[in-house]
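A.B. asks: Would you be able to build a 3D model of this:
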Amino acid sequence: QVHLVDSGGGLVQAGGSLRLSCAASGLIFDQYTMGWFRQAPGKERAFVSAITTPGQGTFYAESVKGRFAISRDNVKNTAYLQMNNLEPEDTAVYYCAALKSGSITRPQGYDYWGQGTQVTVSS
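C.D. replies: Just a heads-up that it's a prediction; the model follows:
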């Protein structure tokens, strides 16, 4: 059984940083692209970032480019999202997800999801 466990969210002031983690089990981790999405109240789930394997290409939504950095550790079966210079607009529940194949920006294509972790950025 596949499990993705998101962690690392919290309350931070604008300009601060957080590092999210996504621990995966029950799947061959290095065969999956790992993505991060976020969902703010009243809004649809939106793509934030993704990292492929092999080659470890990285992709970002325009709104987070230059502030967020995605990475993965294929030994620890964990993906990370380093979030710097956070803004109140980044407030959302953040979800990690695993994708075997298909579009990396569409949530519908992802195979497995974490439970989400709340990120709140105060102004």
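A.B. asks: so who does the nearest residue to Gly10 once chain neighbours are set aside touch?
C.D. replies: Nearest residue to Gly10, sequence neighbours excluded (C-beta to C-beta, 6 or more residues apart in numbering): Leu18, at 6.2 Å. From N, CA and C alone the C-beta is placed, and that goes for glycine too. When contacts are counted by C-beta atoms under 8 Å, 6 or more residues apart in numbering, Leu18 touches 8-10, 12, 83, 86, 119.
A.B. asks: most surrounded residue in these?
C.D. replies: Met83 (27 neighbours; other C-beta atoms under 10 Å).
A.B. asks: Just the contacts of Leu18: which are in helices?
C.D. replies: Among the contacts of Leu18, none falls in helices (DSSP state H).
A.B. asks: Let me have those residues in a markdown table, adding pLDDT and distance to Asp30 as columns.
C.D. replies: A markdown table is the format used below for those (pLDDT from 0 to 100; distance: C-beta to C-beta, whole Å):
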| residue | pLDDT | distance to Asp30 |
| --- | --- | --- |
| Gly8 | 98 | 22 |
| Gly9 | 97 | 25 |
| Gly10 | 98 | 29 |
| Val12 | 98 | 31 |
| Met83 | 98 | 24 |
| Leu86 | 98 | 30 |
| Val119 | 98 | 27 |
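A.B. asks: Among those residues, which pair sits farthest apart?
C.D. replies: Gly8 and Leu86 (12.5 Å; C-beta to C-beta).
A.B. asks: tell me which element Arg38 falls in.
C.D. replies: strand 33-39 (DSSP states H and E).
A.B. asks: Give me the contacts around the helix or strand following that strand.
C.D. replies: Using DSSP H and E, the helix or strand that follows strand 33-39 in sequence is strand 46-51. With C-beta under 8 Å, 6+ apart as the test, strand 46-51 has contacts from 33-39, 57-61, 64, 68, 70-72, 79, 81, 94, 99, 104-107.
A.B. asks: swap in stretch 29-43?
C.D. replies: Residues contacting stretch 29-43 (C-beta under 8 Å, 6+ apart): 20, 22, 24, 45-54, 70, 72, 74, 77, 79, 81, 90-100, 104, 107, 110-111, 116, 119.
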